[in-house]
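A.B. asks: Could you work out the structure for the sequence below:
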Amino acid sequence: MLIPLVTNTMVPLIIRSLVSLPVDVDSVSFCVRPAAVNDLQQVADVLVSSFYPPLGWQRWFHPLFRFSIYEDLKQRLQGGHQHYRCLTAIAPDRKSRRNVVIGTVELSYRRQGLWTFNRPQQMYISNLAVRENCRRQGIARRLLQNAEQLSLEWGFRELYLHVMADNTRARRLYQNMGYQLQQVEPTLFSLLSLQPSRLLLKKVLSPQTVAYPSSSSAVRRIPY
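C.D. replies: Predicted coordinates:
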């Protein structure tokens, strides 16, 4: 699930600040590492393309969505919270050989959802997204595995996430990785039949349930 957006920046600045560029990446040789500030424009581009594709009326607000996500990411990354990471999957561009962000996920210690003041904080996964032309290549799975490994290193053995009920591809991935349904959470829009319900999933972590990247694999893990 995408974290809500907030911004008070004018749209003309948005259009000048963030520009989405086409990329042709070698996604076979990607690696996973923590995001840096200079990655955030690309991370925002991956997120907005995944959660707010420029279709129909949304194309008019696409620059606004992108800039809002960028500002939120920067605020979280620079917040200095001990148990927060934005992880990125990085692959080289075939032409320029520059590093390109092809996927991302966030891991944070917080309450799940908006109306959860009476709930304890938990380790929570959000904003898992992969560039459209890089999907179905194991990138989302590897990002999740790295987030799970990091959660264990921090001393947390329970991990939560939300997924929309109609997102069958994501639900299949989570189920295959051991996430189990905890509860169905209707929203105002789902009660009005305007969108599906949200599902809260949970996984109990242990060294046996977390698949660690192999040193012989093309996917390499960079220390956190």
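
A.B. asks: Could you give the secondary structure assignment for Lys74?
C.D. replies: What DSSP: H, G, I helix; E, B strand; the rest coil gives for Lys74 is helix.

A.B. asks: Does the helix or strand hosting Arg141 pack against any helices or strands, and if so which?
C.D. replies: Element membership of Arg141, judged by DSSP states H and E, is helix 139-153. Using 3 or more Cβ pairs under 8 Å, 6 or more residues apart in numbering; DSSP states H and E as the contact test, the elements touching helix 139-153 are strand 31-34, strand 84-92, strand 99-110, strand 122-130, strand 158-164, helix 168-176. (Glycine included, C-beta is placed from N, CA and C.)

A.B. asks: Take the ones you listed and lay them out in CSV including distance to Pro53 and mean neighbour count.
C.D. replies: Listed next are the helices and strands packed on helix 139-153 as CSV, based on distance: least, Cβ to Cβ, whole Å; neighbours: other Cβ atoms under 10 Å:
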stretch, distance to Pro53, mean neighbour count
strand 31-34, 24, 19
strand 84-92, 20, 21
strand 99-110, 16, 23
strand 122-130, 11, 22
strand 158-164, 15, 19
helix 168-176, 15, 14
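
A.B. asks: any chance of the ones you listed in TSV, plus distance to Gln182 and mean pLDDT?
C.D. replies: As requested, the helices and strands packed on helix 139-153 are arranged in TSV below (distance: least, Cβ to Cβ, whole Å; pLDDT from 0 to 100):
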stretch	distance to Gln182	mean pLDDT
strand 31-34	27	96
strand 84-92	22	95
strand 99-110	16	94
strand 122-130	11	95
strand 158-164	8	94
helix 168-176	12	95
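
A.B. asks: closest to Trp57 out of these?
C.D. replies: Across these, Trp57 has its closest neighbour in strand 158-164 (19.7 Å, Cβ to Cβ).

A.B. asks: Having no further points to raise, I will conclude here.
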